[in-house]
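> Only the shape, not the letters, is given here:
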Ligand code: ATP
Ligand code: MG
């Protein structure tokens, strides 16, 4: 039985004129053009639409010729796989010819042989999940649903298109991460057989390129941002699924090591891995912050093993974070910022730092990093107690930061009202490390006394420093 609410929405498919024009041209050549994948799924669910994938029996060369004849720009995306990108006005359509794929042994993402086919019935079985294998005929609005995707939407289930999930998940290791990702974004459960097959096939993820793994991981970490589900029901769920399927052992063995590692009940409700997951899901939706959270305690098992306690896991964690993020081919800026968060996440743990100390630290770090430290502390605390409560230390730091901003405090040496040349002139010295030392000292001074960041006052300060040194 297909669930009624889904089909009520079918009638509301509103296809844009560009798409209808394309479908009419296909129709003129005797082909039915269908929308497939995320757009059909999301239309049925009343969710926002992202890209539009279209499909038909027309062979790629013919798609290219037809589009060019009609003045549309086309970009061949992988002709062997039947993929052609079509641009009409500001709209982009990715057309893939109906096909059936054959995969080689192993889990690599690319099929070894592709044969084009004439029907969506066959095409559906080379797709991953039933909810992604529904076809909407553009000119009629008819839904073709060979694998029961609409029914699965009604049951809120992710299930492979084939009744033999091993055949689907075993062909392409990336599908295991896509499985966790769709379940996380949509808040769906994974059908039992699909889940069992995922556990068996997880080792195949080792054959997937780091970039693809990274992209799926990012989507899981940001799953709440996709359709607005609460992070506890999306991000946390996605992370649990990575763990339960065994994907985590392959893509992030450093984290798999944290599984079940107990920690002091005085501060923690959860063992290390569960704490890490909760911290990540408690953090606001910023990918660098969430990566920092994901890796912030990664060195705890190593420390425990080496020295019997977890001291120093922040410094050791920084190097693990760098290794992991580089391995996953994150850009240098993301690696640096996330690893920096890991390194500093224990800052002022007891919240007792004096205000001038905080101000000097924040001025040295800059506003963005100081705010990020407040964010990670908040997430870390909430991830320890398992509740979305107010975190006093983070609130205090944010207040101090606001006050610094209001008072016009410098956040970095470039905010000082003097240059290196000024310092050399005022102190009567030449270029050298002393200039940098004076600059750093001025920044620390002005962090707590922002009014002194004015040329006359700075000049006096520099002169005093120079005299003091001579004495
Ligand atoms: P999103 O909303 O994230 O774009 P989507 O379902 O459109 O979701 P895409 O990655 O854009 O996902 O892929 C489009 C369609 O292509 C999918 O719905 C699915 O049918 C098919 N597909 C994509 N990647 C794979 C894969 N690795 N294995 C099998 N089918 C895939
Ligand atoms: Mg898509």
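Received, thanks. Not measured: the values here are computed from a predicted model. Ligands and ions are numbered 1, 2, ... in the order given.
> So what's the predicted local confidence for the closest residue to residue 430 other than its chain neighbours?
Closest residue to residue 430 apart from its sequence neighbours, by CB to CB, 6 or more residues apart in numbering: residue 424 at 6.5 Å. To be clear about C-beta, it is placed using only N, CA and C from the backbone, and glycine gets the same treatment. In this model, residue 424 is scored at 96, pLDDT.
> Find the residue closest to the closest residue to ligand 1 within the stretch 251-400 of the chain in space, skipping its chain neighbours.
Per CB to the nearest ligand atom, residue 251 is where the stretch 251-400 of the chain lies closest to ligand 1, at 15.7 Å. With sequence-adjacent residues excluded and distances taken as CB to CB, 6+ apart, residue 251 is closest to residue 213, at 5.3 Å.
> Buried residues, the helix or strand hosting that neighbour. List them.
Using DSSP states H and E, residue 213 sits in helix 210-221. By neighbour count on 16 or more other CB atoms under 10 Å, the buried set for helix 210-221 is 212-214, 216-221.
> Out of these, which two are the most distant from each other?
212 and 221 (15.1 Å; CB to CB).
> hang on, isn't residue 229 packed against residue 185?
Yes - at 7.5 Å, residue 229 and residue 185 qualify as touching, with contact defined as CB atoms under 8 Å.
> who has more neighbours, these two?
residue 185 (22 against 17; other CB atoms under 10 Å).
> Point me to the residue of the stretch 51-200 of the chain nearest ligand 2.
With CB to the ion, the shortest gap between the stretch 51-200 of the chain and ligand 2 falls at residue 51, namely 4.4 Å.
> who does the helix holding residue 213 touch, helix- and strand-wise?
With contacts defined as 3 or more CB pairs under 8 Å, 6 or more residues apart in numbering; DSSP states H and E, helix 210-221 has these neighbours: helix 174-186, helix 235-245, helix 287-295.
> ok, now which ones touch residue 77?
Taking CB atoms under 8 Å, 6 or more residues apart in numbering as the criterion, residue 77 is in contact with 83-85, 94.
> Looking at the chain, which helix is longest?
Determined from DSSP state H, the single longest helix within the chain is helix 367-385.
> So what touches the next helix or strand after that helix?
Tracing the chain C-terminally past helix 367-385 and defining elements by DSSP H and E, one meets helix 392-406 next. For helix 392-406, the external contacting residues (CB under 8 Å, 6+ apart) are 348, 351, 355, 358-359, 362-363, 367, 370-371, 373-375, 377-378, 381, 411, 447, 450.
> Just give me how far helix 392-406 sits from the chain centre.
Mean C-alpha position of helix 392-406 versus that of the full chain (CA atoms, centre = their mean, to the nearest Å) differs by 28 Å.
> continuing past it, what's the next helix or strand?
Taking DSSP H and E, what comes next after helix 392-406 is helix 420-427.
> before we move on, the earlier item: what are the contacting residues of the helix holding residue 213?
109, 174, 177-178, 180-181, 184-185, 205, 226, 235, 238-239, 242, 251, 280, 287, 290-291, 294, 327-330.
> Out of those, which end up buried?
When the contacts of helix 210-221 are checked for burial by 16+ other CB under 10 Å, the buried set is 174, 177-178, 180-181, 184-185, 205, 226, 235, 238-239, 242, 251, 280, 287, 290-291, 294, 328, 330.
> Just the buried residues of the strand or helix carrying residue 24, please?
In this assignment (DSSP H and E), residue 24 forms part of helix 17-28. Within helix 17-28, the residues scored as buried using 16+ other CB under 10 Å are 18-19, 21-23, 25-27.
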